[in-house]
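S.K.: when you get a sec, could you give me coordinates for this:
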Amino acid sequence: MSPVIRIFLVIAFLFLEFESFAQQSETPPNVILIITDDQGFGDLGFHDNPHINTPTLDAFAKESVRFTNFYVSPVCAPTRSSLMTGRYSLRTGVRDTYNGGAMMATTEITIAELLKSENYTTGIFGKWHLGDNYPMRPSDQGFDESLIHLSGGMGQVGDFTTFFQGDRSYFDPVLWHNNEQQKYPGYCSDIFANEAIKFIEKNKDQPFFTYLSFNAPHTPLQVPEEYYQKYKDIDPSAGFGEDEKPFYPMSESQKEDARKVYAMVENIDDNLNRLFQKLDDLGIADNTVVIFMTDNGPQQRRYVAGLKGLKGDVSQGGVRAPFFIRFPASFKGNRDINTLAAHIDVMPTLADLCGFEVPNDRKIDGLSMLPLIHGNADSRPDRSFFSYWTRKYPERYENISIQKSGWKLIGKTSFDSEIEDFELYNLKDDPYELSNLSASETPKALELKSELDGIFEELTQERNLLNQPLIEIGNPAENPVFLNRNDASGERGIWAQEDMFGYWNVKIESGTYDIRFKFVKPVSPKGRLTLEIGNQALVFHDESTGDIDILELKGVSLDAGASQLLPFYEINGKRNFPFWVELDKK
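M.R.: Numbering: from 1, shown residues only. This next block holds a predicted model:
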């Protein structure tokens, strides 16, 4: 071969390689967003927990950019609404985990919808917790495929297909695949991971968004026996307190809970190993954005890397979470970024990575983390982060906080309290919130309180909070409709009680309905069932001769309109609120 021909072939080869690289770099990245449920900051080997075995996540953390000052909401549904929309949860209508407060307004625009508009195929596997009925289901909010449980957790009252399985609710469950009930064999975390992997395999040749949202290690703490056996003899309280990190004492029951949680997390770790291996096998790992995070602090007392507080608390242990992001085609990993970041930043970050536009017709609270990843920290404005949680509706100065520039103000007091009743911490010097400075640093406390007041006033006047989302009854998109306890309003703390005042906020299409009322326990016969809807009060006398757990009414005519659907069965002075109500428009 002549030198001229050899040079020509080398140039041609280099040109083809460059063209291939250019085409590859223009290929939109796949996105896998992994979130676990109630896995605390300390529930990782990478965060110096000597008792838990998480080799896959530990290795993933070393390959990733790690945001070490990352925050979420204190509880599940608010975190998920902010994650999906880039907005504080109160803007989306989400204010609680049940009590009718875990339904996200259908006008919200999710990551799934934005990616779908860019020709991504989208799938969710696991926990949604933003509304179980039309128009708030995953399929109504941008997901092409959905495999979920209902409400906040399997075995909980809202997830009525698993509730009555008791201590087997995580095994062989009836789940909801594309809005239809389907029974699956096996353990829940294995099922969700299996189906996510199948989704990835099926869509490997086109951009996809996989939202793998494990319900573990949320209660009930159920785990395959082979995993529990690895932890049954450990002492989860041993080996701490030898450095500067505080360690809070554990009761014997909390130690047993920790053993189960660690077993559940190791199972997740094994499932993620299979998922990451699949990306390698398919040759798509480099062009796939993979994010791992958790939704809030641990529900039970255990190692939290010295942080104060648990799930539900605005203290660091309730809201600080791991956040690891890996995208080999775009940036190098094994780096820490200490700038404050939060769940509201994920959507804007994916917008920068995937090339979609952030909605400009509403307030987006989050900021893209990509400039920080690329080393341009100076581009990030000094920003604050607001956090709160109380049952049902926000309460002024009760479990509420704001942090900015390393300072954090916490209110765990009443609406008319003086500034000295607040807690103020300098997190740079006191990351474990041990020294309250509200009395000695009063000007700083007042400055933060002023900003906190402004955010609170703004968020509590949001349209979606004042006009809570309505479940649509009789719409062809979902018929029949099951109304579950998670989405019922009324008394605070509606759960599995029998004698309880409750109702559902609904929008009804006029028509004739068959209606079934399921009760937690069988009710005595010869009682009176009352169904109040708007200005209608329908009364039915039960003529049964024995105890029943389901009452059926056929051919009930209902008028159109938005109203409260309020049912109760009255017998011997007791008013039984149904466990669920099914309405089937004929």
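S.K.: what does stretch 193-203 contact?
M.R.: Stretch 193-203 is contacted by residues 30, 32, 121, 123, 125, 145, 147, 186, 208, 210, 212, 271-272, 274-275, 278-279, 282 when judged by CB atoms under 8 Å, 6 or more residues apart in numbering. Bear in mind the C-beta positions are built from the backbone N, C-alpha and C, glycine included.
S.K.: so which of the residues you listed are in strands?
M.R.: 30, 32, 121, 123, 125, 145, 147, 208, 210, 212 (DSSP state E).
S.K.: mind listing what the closest residue to the first one other than its chain neighbours touches?
M.R.: Yep, that's residue 30 we're talking about. Among residues not flanking residue 30 along the chain, residue 288 sits closest, at 4.1 Å (CB to CB, 6 or more residues apart in numbering). Residues near residue 288 by CB under 8 Å, 6+ apart: 29, 30, 31, 32, 279, 327.
S.K.: so how far is residue 275 from residue 288?
M.R.: Taking CB to CB, to the nearest Å as the measure, residue 288 and residue 275 are separated by 10 Å.
S.K.: pull up the overlap in contacts between the two.
M.R.: With contacts taken as CB under 8 Å, 6+ apart, the residues that reach both residue 288 and residue 275 are residue 32.
S.K.: residue 370: neighbour count?
M.R.: 20 (other CB atoms under 10 Å).
S.K.: next, the closest residue to it other than its chain neighbours: phi, psi?
M.R.: Leaving aside its chain neighbours, residue 370 sits nearest to residue 352 (4.3 Å; criterion: CB to CB, 6+ apart). Note on residue 352: its backbone torsions stand at phi -70, psi -40 [degrees, to the nearest 10].
S.K.: any buried residues in stretch 442-462, and which?
M.R.: Across stretch 442-462, burial judged by 16 or more other CB atoms under 10 Å covers 444, 445, 448, 449, 452, 455, 456, 459, 462.
S.K.: repeat that for stretch 201-208.
M.R.: 203, 204, 207, 208.
S.K.: out of the contacts of residue 288, which is most surrounded?
M.R.: That'd be residue 30 among the contacts of residue 288, by other CB under 10 Å, with 25 neighbours.
S.K.: so which residues of the chain form helices?
M.R.: Ranges of helices in the chain, per DSSP state H, are 3-26, 55-63, 76-85, 89-92, 111-116, 160-163, 188-202, 225-228, 252-282, 316-319, 346-354, 370-373, 442-460, 463-466.
S.K.: and of the ones you listed, who's closest to residue 294?
M.R.: helix 76-85 (8.8 Å; CB to CB).
S.K.: relative to strand 208-213, how tilted is that closest one?
M.R.: 170 degrees (axes from the mean of the first three to the mean of the last three CA atoms, to 10 degrees).
S.K.: next one: helix 76-85 to chain centre, how far?
M.R.: 6 Å (CA atoms, centre = their mean, to the nearest Å).
S.K.: could you list the low-pLDDT ranges of the chain?
M.R.: 1-25, 241-242 (pLDDT under 70).
S.K.: per-domain residue ranges of it.
M.R.: 18-76+122-127+143-379, 394-466, 471-585 (automatic domain parsing).
S.K.: just the CA trace of stretch 38-54, in PDB.
M.R.: Presented in PDB, the C-alpha positions along stretch 38-54 are these (Å, rounded to 0.1, in the frame of the first residue of the first chain):
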ATOM      1  CA  ASP A  38     -37.500   6.800  54.100                       C
ATOM      2  CA  GLN A  39     -33.900   5.900  53.600                       C
ATOM      3  CA  GLY A  40     -32.000   8.300  55.800                       C
ATOM      4  CA  PHE A  41     -28.800  10.100  55.100                       C
ATOM      5  CA  GLY A  42     -27.000   7.500  57.200                       C
ATOM      6  CA  ASP A  43     -28.400   4.500  55.600                       C
ATOM      7  CA  LEU A  44     -25.400   4.000  53.300                       C
ATOM      8  CA  GLY A  45     -22.000   2.500  53.700                       C
ATOM      9  CA  PHE A  46     -20.600   5.500  51.800                       C
ATOM     10  CA  HIS A  47     -21.800   7.700  54.700                       C
ATOM     11  CA  ASP A  48     -19.800   5.800  57.200                       C
ATOM     12  CA  ASN A  49     -22.400   3.400  58.400                       C
ATOM     13  CA  PRO A  50     -20.400   0.300  59.400                       C
ATOM     14  CA  HIS A  51     -23.500  -2.000  59.700                       C
ATOM     15  CA  ILE A  52     -25.200  -1.700  56.300                       C
ATOM     16  CA  ASN A  53     -23.900  -3.400  53.100                       C
ATOM     17  CA  THR A  54     -24.400  -1.200  50.100                       C
END
